[in-house]
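**Q** structure for this input, please:
(one chain, ligands or ions: 1)
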Amino acid sequence: METQQKKLYVSASDARAFVEAVLCGNGIPHDNAIIIADCLIQADLRGVDTHGINRIPSYMARVRKGVLDAEASPSLNQITPVVAQVDGKNGFGFIAAHMGMAKAIEMAKEFGIGMVSVKHSNHFGMSAWVVQQALDADMMSLVFTNSSPALPVWGGRSKLMGVSPIACGAPAGAEKPFILDMAPSIAARGKIYKAARRGEKIPLDWALDADGNQTDDPNKALLDGVMLPMGGPKGSALSIMMDVFSGVLSGSAFAGHVVNPYDPSKPADVGHFLVALKPDLFMSLQEFKDRMDYLYTRVVGSEKMAGVERIYYPGEIEQLVHEERLKTGIPYVEAEIEALNQEAERVGVAKIVTSIGY
Ligand SMILES: NC(=O)c1ccc[n+]([C@@H]2O[C@H](COP(=O)([O-])OP(=O)(O)OC[C@H]3O[C@@H](n4cnc5c(N)ncnc54)[C@H](O)[C@@H]3O)[C@@H](O)[C@H]2O)c1
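**A** Down below sits the predicted model:
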């Protein structure tokens, strides 16, 4: 239910330079700022605007309150030849997950598979950037995280589980890679934050208000409301699965104890579960990619149901938006640019460079 608002376009390189400057201005080491900015801008480029640079004000609020350690460097503990653990040390989730996936890839290159459990981490935004990190190394991946309570378990009425995304990927040859990245709710909670930020309504089937009624008002949904799981008990079960693999297994918070990234009162203690898998374990890489390409053409070439113009592969819409936004720049609304510029002012760095468009 997007309303037509004036859009201000920012090129990916200007957005990246702006975010790096704001992050460094808040005490984040430059090498880490580069990684965080890249993850956030990848989200905006892919059209996952809910998890892009608009998160900067809430992340910086946590840094200023001292509940997220801007200078933390995660540590790595090798458990077996194919299993490692990262302690995020309450630093940025982007940094802990990036280190974790890099280690998983390294182990998978040698042994075929690598699994990394990440504890004491924070929100890492859009899961697809971790999947992309594996794809860039020609690896298949599983990327799980838990998150703060937003969703009732099936049959419950108050929020307990996170809207915790389940993500995975596999490389292809000439065609698009497979990138699944989905929250187990009807819509990601970030979409409700985005609607609230932009003064827009939400579809009635996304969330309930505090009284258990359907609502199209994002503020009522956020204020003691709950998100609705996709597919009833199945969405609820996927959310519990994310908590088992990311929270229980790692030693991080779980069972409703992860703290909301918009709550700057305490550390979040998020857990992640990352697997990299070498696709050429049972055949050559070329044969695997040829088979992935065949799967892609079978899926998108499938007979369409009435009213459908085009069938998309998982992750394809986002990849098309990415290609488009590299050319047009990334669209933001004025209120979002103002909030970002306030962050720049706080640390005395230049405002974000925009051009006007609709
Ligand atoms: N870190 C966190 O705690 C957290 C929590 C919630 C969500 N998120 C992020 O929010 C983002 C949005 O999640 P979401 O569930 O709202 O995503 P979504 O519903 O927009 O997309 C989910 C999946 O469905 C695919 N898809 C969507 N429309 C399609 C179509 N018409 N045809 C074929 N495939 C299609 C997408 O490519 C994607 O793989 C994700 O990037 C997720 O990682 C992060």
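**Q** show me where the stretch 101-250 of the chain has its helices.
**A** 128-135, 189-198, 218-222, 233-243 (DSSP state H, counting those that start in this stretch).
**Q** mean neighbour count, those: which tops it?
**A** helix 128-135 (a mean of 26; mean count of other CB atoms under 10 Å). All C-beta spots, glycine's among them, are computed from the backbone N, C-alpha and C.
**Q** residues touching it, excluding its own?
**A** 38-39, 42-43, 46, 48, 94, 97-98, 101-102, 104-105, 124, 140-141, 143, 167-169, 171, 177, 179, 181, 274, 276, 315, 318 (CB atoms under 8 Å, 6 or more residues apart in numbering).
**Q** mind redoing it with 7 Å?
**A** Under the contact criterion CB atoms under 7 Å, 6 or more residues apart in numbering, helix 128-135 has outside partners 39, 42-43, 46, 97-98, 101, 105, 140-141, 143, 167-169, 171, 177, 179, 181, 274, 276, 315, 318.
**Q** then stretch 258-267?
**A** Contacts of stretch 258-267 (CB under 7 Å, 6+ apart): 58, 61-62, 65, 67, 90, 123, 146-148, 162, 268-270.
**Q** and which of the residues you listed is nearest the ligand?
**A** S147 (3.6 Å; CB to the nearest ligand atom).
**Q** right, and the closest one touches L160 too?
**A** No - the criterion here is CB atoms under 7 Å, and S147 misses it with L160 at 11.8 Å.
**Q** tell me which of those two has more neighbours.
**A** In this view S147 and L160 are compared by other CB atoms under 10 Å, and S147 has more residues nearby, 27 against 18.
**Q** please report how far the closest residue to K220 other than its chain neighbours lies from S239.
**A** Counting by CB to CB, 6 or more residues apart in numbering, the nearest residue to K220 once its immediate chain neighbours are dropped is D209, at 4.2 Å. From D209 across to S239, the span is 20 Å (CB to CB, to the nearest Å).
**Q** what of A15?
**A** 31 Å.
**Q** quick check: the residue lying farthest from the centre of the chain vs the ligand, distance?
**A** Relative to the centre of the chain, and counting by CA atoms, centre = their mean, the farthest-placed residue is A306 at 32.5 Å. From A306 across to the ligand, the span is 15 Å (CB to the nearest ligand atom, to the nearest Å).
**Q** that residue belongs to a strand, doesn't it?
**A** No - counting by DSSP: H, G, I helix; E, B strand; the rest coil, A306 is not part of a strand but coil.
**Q** between the contacts of stretch 258-267, which sits nearest P331?
**A** Nearest to P331 out of those is S58 (CB to CB; 20.3 Å).
**Q** so who does the closest one touch?
**A** 261-262.
**Q** and the strands in the stretch 1-150 of the chain?
**A** 7-10, 75-80, 83-87, 113-121, 140-145, 149-151 (DSSP state E, counting those that start in this stretch).
**Q** Serialize those to a markdown table and add fields for mean neighbour count and mean pLDDT.
**A** Formatted as a markdown table, these follow (neighbours: other CB atoms under 10 Å; pLDDT from 0 to 100):
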| stretch | mean neighbour count | mean pLDDT |
| --- | --- | --- |
| strand 7-10 | 20 | 95 |
| strand 75-80 | 11 | 98 |
| strand 83-87 | 21 | 98 |
| strand 113-121 | 25 | 98 |
| strand 140-145 | 26 | 99 |
| strand 149-151 | 24 | 93 |
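**Q** for the ligand, which of those is the nearest?
**A** Across the strands of the stretch 1-150 of the chain, closest to the ligand is strand 140-145 (CB to the nearest ligand atom), at 5.3 Å.
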